[in-house]
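# fold the following.
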Amino acid sequence: MLDKLYTIMKIRIDIFIFCALVMLMSGCSSFLSDGYEQKRIKDSERSLAAYESTLNPADYDQEVEIVEKIHVEEKKQRSPLEIPKDNMTAEEETAQGFRIQIFSSSGVDEASMIRDAAIEKFSKDSVYIIYDAPVYKVRVGDFINRFEANQRLPEFSEKGYRDAWIVPDRIIRRKALHLPAGK
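From the prediction side, this is the model:
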């Protein structure tokens, strides 16, 4: 029994010593390689200085000319990609139409706060503050006819504007126009 215990302990000690030696050697080798690396850098600096002293750039002029000629030929062979250039513009005109009024107040600050909230809720529609003395009115949309405005009115009620109603107003109609670019 003691022999087995002695053998196990000896194996463990041998393994510990082996691991310690491996760690010691790896630490020493990195120390040695750092010195080697510094020597190699100094040698490369010397060789770079020697190279620079013997360098004559005129020796490479002919190669540069050849490469430039190849680039010019490649440019000639490539067909230029032509993209048609159209200008897009919006034409605005005013016309009689309808808007949905969501708020009215005698204070401009209240109307501005309601307008900012409406811009977030109805991001696809234009939101206006109209001053009709002494009242500031917040109106949304540019609807060509009452039917269009009537279709959207339930959406306003769902988003918290239960007192919203349709009012006739001068609206801004925007048309997208394509103008061909002059060459």
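
# which SSE is immediately downstream of the strand or helix carrying residue 14?
For residue 14, the host element (DSSP states H and E) is helix 2-54. Remark: after helix 2-54, the chain's next helix or strand is helix 61-77, criterion DSSP H and E.

# average model confidence for that next one?
Here helix 61-77 scores 79 as its mean pLDDT.

# what residues sit buried inside the helix or strand that comes right after that helix?
Following helix 61-77 in sequence order, the next helix or strand is strand 86-105 (DSSP H and E). Buried residues in strand 86-105, counting neighbours by 16 or more other CB atoms under 10 Å, are found at 97-104. To be clear about C-beta, it is placed using only N, CA and C from the backbone, and glycine gets the same treatment.

# now do the contacts for the closest residue to residue 168 other than its chain neighbours.
Of all residues not flanking residue 168 in the chain, residue 98 sits nearest, at 5.8 Å (CB to CB, 6 or more residues apart in numbering). Going by CB atoms under 8 Å, 6 or more residues apart in numbering, residue 98 touches 141, 143-146, 148-149, 166-169, 171.

# swap in residue 174?
90-92, 142.

# now do the buried residues in the strand or helix carrying it.
Under the criterion of DSSP H and E, residue 174 resides in strand 165-180. Neighbour counts over strand 165-180 (16+ other CB under 10 Å) mark 166, 169, 171 as buried.

# domain map for the chain?
Domains of the chain are assigned by automatic domain parsing as 2-59, 87-180.

# ranking the ones you listed by burial, who's on top?
domain 87-180 (a mean of 14; mean count of other CB atoms under 10 Å).

# report the central residue of this structure.
Centroid-nearest residue in the chain, with CA atoms, centre = their mean: residue 123, separated by 21.9 Å.

# am I right that that one is in a helix?
No: the assignment for residue 123, made by DSSP: H, G, I helix; E, B strand; the rest coil, is coil rather than a helix.

# so where is the protein shaky, pLDDT-wise?
By pLDDT under 70, the weakly predicted segments of the chain are 28-46, 48, 51, 79-86, 178-183.

# quick check: the two most widely separated of the contacts of residue 174?
Greatest spacing in the contacts of residue 174, by CB to CB: 91 and 142 (14.0 Å).

# related to what we said a few turns ago, closest to residue 115 among the buried residues of strand 165-180?
residue 169 (15.4 Å).
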